[in-house]
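Trainee: The sequence and its predicted three-dimensional model are supplied below.
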Amino acid sequence: MKLKPISDHIVIEPLKEEEKTKGGIFLPQTSGKEKPEQGTVIAVGPGKKTSSGELISMEVKNGDKVIFTKYGPQEIKVGDKEYLIASQDDILAIIE
């Protein structure tokens, strides 16, 4: 299934950070962890329209790595993959 966001929404694949001890042991993900705040943009909507009907273009594009607000994006699951859908206002920065 392909996701096509509408308006100023963005589909983000969250970056999974693996934690590793100094000895090289990988720690498993636990349910008590904080939500990720970084991800890769995989789909972008066309932009938001103003009250006069003018389209405000998007500042992010597919493939951008972004930092977003912790609690802004909505979590969704498509098949066995988890994604986030955020508004452009939830994006704080593009990682270059």
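Mentor: All right, it came through fine. Note that the structure is predicted; figures quoted are calculated from it, not measured.

Trainee: which one is the most centrally placed residue in the chain nearest to, not counting chain neighbours?
Mentor: The structure's the chain has its C-alpha centroid closest to I12; by Cα atoms, centre = their mean the separation is 2.8 Å. In this structure, I12 finds its nearest non-sequential neighbour in G39, 3.9 Å apart by Cβ to Cβ, 6 or more residues apart in numbering. All C-beta atoms are positioned from the backbone trio N, CA, C, and that covers glycine.

Trainee: Which strand residues bridge the one you found?
Mentor: Note on G39: beta-bridge partners by DSSP bridges are P14, V66.

Trainee: Now the helix or strand harbouring the residue nearest to the centre of the chain: buried residues?
Mentor: Element membership of I12 [criterion: DSSP states H and E] is strand 9-14. The neighbour-count check on strand 9-14 (16 or more other Cβ atoms under 10 Å) flags 9-12, 14 as buried.

Trainee: ok, V44 touching I12?
Mentor: No: judged on Cβ atoms under 8 Å, V44 makes no contact with I12 at a distance of 10.0 Å.

Trainee: and the gap between the residue nearest to the centre of the chain and I25?
Mentor: Computed as Cβ to Cβ, to the nearest Å, the I12 to I25 distance reads 29 Å.

Trainee: can you check V60 too?
Mentor: Following Cβ to Cβ, the distance that separates V60 from I25 is 36 Å.

Trainee: So these two - more neighbours on which side?
Mentor: Neighbour count, other Cβ atoms under 10 Å: between V60 and I25, V60 has more, with 16 against 8.

Trainee: mind listing what the nearest residue to that one once chain neighbours are set aside touches?
Mentor: Of all residues not flanking V60 in the chain, V41 sits nearest, at 5.3 Å (Cβ to Cβ, 6+ apart). Contact analysis of V41 by Cβ atoms under 8 Å, 6 or more residues apart in numbering lists 10-12, 60-66.

Trainee: which element is V41 on?
Mentor: strand 38-44.
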